[in-house]
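Participant: Have a look; sequence and predicted model below, questions after that.
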Amino acid sequence: MKVTWEEPRWEDLGWERLAAGVGRCRLPVWDCTVGLVTWPGGALLIDAGSSLAEGARVRREAQALAGRRVDFLALTHAHFDHVFGAAAFAGAYVFAAGAPENESAASTTSSESSEFEKVGREVLRADAVRNGLDARAAEEAADTLVVPHQYVRGNLTVATPAGGPEVVLSSVGPGHTGSDLAVVVRGDGGPAVVFCGDLVEESGEPQAGPDAVPSRWPAALDRVLALGGEDAVYVPGHGAVVDAAFVRAQRDALATRFGVSREPVD
């Protein structure tokens, strides 16, 4: 049976189209990005919002856009505004970045420790409340925090059908956190779309919390730039879509800010 597929009507639900089958939504309050990649018979979401209620809203809209449930969920890093909505996506296979020390391995299973276990539910809950999330909503999300099924090290290609987009998950950190995941989408012959998580921020200065690794952040952005190339569309974790020149400028500003010697990384 032939599977038919139509381009989602992104604007009908207030989403921004980035390429054929690729879009994103800027969520309220923290201006956090969630991304969606659709293809015939499949859909992948990037990040899940800051609460179960927000995750449920994203799930409804993503399902309406994709015409099906979300099959895969890629979490860019373990901060509450990106992961607390993940429990709303029951049945989705969840990816996150693995710890960087064994980057030669493509991925590990959920039995191995990750940044999610290192951060812990209570730390995420407290951070959410400190940043203004309702205490009950934060507790509910922490209690149901999703543990990823698979941790990505190096690059991992998501299986899509012939003619569908190429979707590559890449562990590019540490930087903003101890483990940062980027998602690169190529499909219609146009520029690649790179979801950067909070390694890149447009709506304000990049935030470096206690779990940041400032000395390695510029190198992580070198890897992001190598993945997308000069013509790519770069989607920050917060703020408007940017280009390679913006990412390079932010990389250089971070290097200056943290006193990091600039040596590009392959």
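Facilitator: Cool, got the structure. Residues are numbered from 1 along each chain as shown.
Participant: From here on, just use CA atoms for contacts and neighbour counts.
Facilitator: Will do.
Participant: now the most centrally placed residue in the chain: how far from A64?
Facilitator: Nearest to the geometric centre of the chain sits T76, at 3.4 Å (C-alpha atoms, centre = their mean). For T76, the distance to A64 equals 23 Å [C-alpha to C-alpha, to the nearest Å].
Participant: returning to that earlier point: look at the closest residue in space to the residue nearest to the centre of the chain that isn't next to it in sequence and report its pLDDT.
Facilitator: Leaving aside its chain neighbours, T76 sits nearest to L181 (4.5 Å; criterion: C-alpha to C-alpha, 6 or more residues apart in numbering). We note a pLDDT of 98 for L181 in this prediction.
Participant: Could you give the separation of stretch 86-93 from the chain centroid?
Facilitator: Remark: stretch 86-93 is offset 15 Å from the chain centroid, using C-alpha atoms, centre = their mean, to the nearest Å.
Participant: Give the buried residues for that stretch.
Facilitator: By 16 or more other C-alpha atoms under 10 Å, the buried positions in stretch 86-93 come out as 86-89, 92.
Participant: got the CA positions of it in CSV?
Facilitator: What follows is stretch 86-93, C-alpha atoms only, in CSV (Å, rounded to 0.1, in the frame of the first residue of the first chain):
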residue,chain,number,x,y,z
ALA,A,86,8.6,14.4,27.8
ALA,A,87,6.3,12.1,29.8
ALA,A,88,3.4,13.3,27.6
PHE,A,89,4.9,11.3,24.7
ALA,A,90,4.0,7.8,25.8
GLY,A,91,5.2,5.3,23.3
ALA,A,92,7.9,7.6,21.7
TYR,A,93,11.4,6.2,21.6
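Participant: Show residues contacting that stretch.
Facilitator: 47-49, 52, 55-56, 59, 70-73, 141, 144-146, 148-149 (C-alpha atoms under 8 Å, 6 or more residues apart in numbering).
Participant: The same query, at a cut-off of 7 Å, please.
Facilitator: Stretch 86-93 is contacted from outside by 48, 52, 55-56, 59, 70-73, 144-146, 149, using C-alpha atoms under 7 Å, 6 or more residues apart in numbering.
Participant: One more: stretch 34-45?
Facilitator: Where contact means C-alpha under 7 Å, 6+ apart, the residues beyond stretch 34-45 that reach it are 3-5, 21-26, 46-48, 66, 70-74, 164.
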